[in-house]
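1. One predicted model, sequence on top.
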Amino acid sequence: MIRFYCEHCAHKISVRDTDIGKQGKCSKCGSVIVVPTESTVIEFNCEYCDRKISTPKSHAGKKAVCPKCNNTFIIPVILAPGSDANQDYSGDLMPRTTDSSHGLTLIDVPDEYKLKEEPTVQSNISEQAIDHQQEYQEDSKVEETEYAKQRKLPWMIDIFLYPTSKGGLLTLTTFILLKLFTDIATVMLMCCVFGGILSLIIRVVLVWSYMCWYFSECIRDSADGGLRAPDIAGTMPGLGDMFWHWARFFACFAIFLGPVVFYRGYTYFNNVEVNNTIFLSLLAFGVFFFPMNILAVVMFDSVNGMNPILVIRSIISTFLQYCGLFILFYGLSILFNIMLGMVLKILSLTQILSRGFFAYILFNLLMAYALLVAGHLLGRFYWRYEGKLNWEV
């Protein structure tokens, strides 16, 4: 993974190694950026409270204040992920001294917002970034604290507003249109010999791959502190990349929920009585481990997140908090099902001739809306308990 900061708004960005040199738009400010050839972010733990901290590599050797325990320490010299081990970073360092004349370097602030006494270097920083330099220098709060103050409503209400951003509404609209298109295509393809297979491929590639990709983006953005669905205009990957997002989610489902689905299908088709102990055990195993597994797969951007040792260890380290996430994650599904049932009942009592179409749109809209809120819950869980999880992502 390549990790770097947007040079316009200081938003931390993570992309694949294969995206080096590509252009894209920052999901926070929308500015056009170019992916650097190597990561410019180093990560380490606070020596006092073990809080995981990330900062530009050019800040190595400087004094900093921990955003959690407020203790002052020296940022260690650590190679950025994916950087050249032989590269000389000595030019980026300041003398290791406790003299207060150097001041404190803010954590998680990119290179362009350096302190005034630092040497001026040639860069391609935009005028907008330079104009906001003083603002960042005077601000004593780190990004994490600023995010925590942005909620204007109680969090139990505010989380349901997560998809109401421009990016979220655009995604919901795109999903409904894609779903409608694929359903129409399915009906038309049924007259073909391989119509069922073709319609399934279209659904997976166009609809569910797209939603799985955006669901992952919601988790990552929320894990960075985001409170509203990210704007993905101009940053959509190719169909191949989106398909692999779906494939990873399908693998998660197959491993954790597949056993209970297989057992129920086996008993149904073979006319065998269901053993409630076996059925409930498989169901409990699947639904309990599934949320943490999804979060790990997204944050590691790899099937390595399905490592059972990693998942079990993470749940143990955050057991009480994870139980709360578990209740919210599945309680959300129950709530949206209740809402859907109530609205459909109201529609059934009306004389609207096209109520079937409205029910179809409403069902898909609520399903996609709940998916985005669920992604936000998972991402915020990582944001809040990143130190306890202690994942090297």
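-> That came in fine, so what should we check first?

2. Tell me, how many residues neighbour Val204?
-> Under the neighbour criterion other Cβ atoms under 10 Å, Val204 is assigned a count of 17. For glycine as for every other residue, the C-beta is placed from the backbone atoms N, C-alpha and C.

3. list the contacts for it?
-> If you count contacts by Cβ atoms under 8 Å, 6 or more residues apart in numbering, Val204 has them with Phe243, Trp246.

4. rerun at 10 Å
-> Residues in contact with Val204, defined by Cβ atoms under 10 Å, 6 or more residues apart in numbering, are Thr182, Cys212, Met242, Phe243, Trp246, Ala247, Phe250.

5. Domain ranges for the chain, per the record?
-> Segmentation of the chain into domains, based on automatic domain parsing, reads 2-147, 155-239+291-389.

6. Can you redo the ones you listed as JSON lines, where the extra columns are distance to Thr277?
-> Formatted as JSON lines, the domains of the chain follow (distance: least, Cβ to Cβ, whole Å):
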{"stretch": "domain 2-147", "distance to Thr277": "41"}
{"stretch": "domain 155-239+291-389", "distance to Thr277": "21"}
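
7. Strands of this protein, residue ranges please.
-> Secondary structure of the chain (DSSP state E): strands located at 2-5, 12-15, 23-25, 32-34, 41-45, 52-56, 63-65, 72-74.

8. For these, give me CSV that also has distance to Phe357 and mean pLDDT.
-> Converted to CSV, the strands of the chain look like this (distance: least, Cβ to Cβ, whole Å; pLDDT from 0 to 100):
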stretch, distance to Phe357, mean pLDDT
strand 2-5, 45, 80
strand 12-15, 40, 79
strand 23-25, 35, 79
strand 32-34, 40, 83
strand 41-45, 48, 80
strand 52-56, 48, 78
strand 63-65, 58, 77
strand 72-74, 61, 79
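
9. Please dump the ones you listed into a markdown table; it should also carry distance to Pro237 and mean neighbour count for every row.
-> Written out in a markdown table, the entries for the strands of the chain read as follows (distance: least, Cβ to Cβ, whole Å; neighbours: other Cβ atoms under 10 Å):
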| stretch | distance to Pro237 | mean neighbour count |
| --- | --- | --- |
| strand 2-5 | 15 | 22 |
| strand 12-15 | 10 | 18 |
| strand 23-25 | 10 | 15 |
| strand 32-34 | 16 | 15 |
| strand 41-45 | 21 | 18 |
| strand 52-56 | 24 | 20 |
| strand 63-65 | 35 | 19 |
| strand 72-74 | 38 | 14 |
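
10. mind listing what's buried in the top helix by length along the chain?
-> Using DSSP state H to define each element, the chain has its longest helix at helix 355-389. In terms of neighbour count (16 or more other Cβ atoms under 10 Å), helix 355-389 has its buried residues at 355, 359, 362, 364-365, 367-389.

11. Then stretch 295-302?
-> Counting neighbours by 16+ other Cβ under 10 Å, stretch 295-302 gives Leu295, Ala296, Val297, Val298, Met299, Phe300, Asp301 as buried.

12. Let me know the pLDDT of Thr120.
-> Thr120 is assigned a predicted lDDT (pLDDT) of 37.

13. Let me fix that, I meant to ask about Phe288.
-> Taken from the predicted model, the pLDDT recorded for Phe288 is 93.

14. what's the neighbour count on the spatially closest residue to it that is not a sequence neighbour?
-> Spatial nearest neighbour of Phe288, excluding adjacent residues (Cβ to Cβ, 6 or more residues apart in numbering): Phe326 at 6.5 Å. Other residues near Phe326 come to 17 when the count uses other Cβ under 10 Å.

15. where does the protein dip in pLDDT?
-> 78-150, 191, 193-196, 233-234, 343-344, 346-356, 392-393 (pLDDT under 70).

16. just so I have it, where are all the helices in it?
-> Taking DSSP H as the criterion, the chain carries its helices at 127-131, 133-138, 143-148, 155-158, 166-189, 195-202, 209-223, 239-256, 258-269, 276-300, 308-317, 319-348, 355-389.

17. Out of those, which one sits most buried?
-> With neighbours taken as mean count of other Cβ atoms under 10 Å, those reach their highest mean count in helix 209-223, at a mean of 24.
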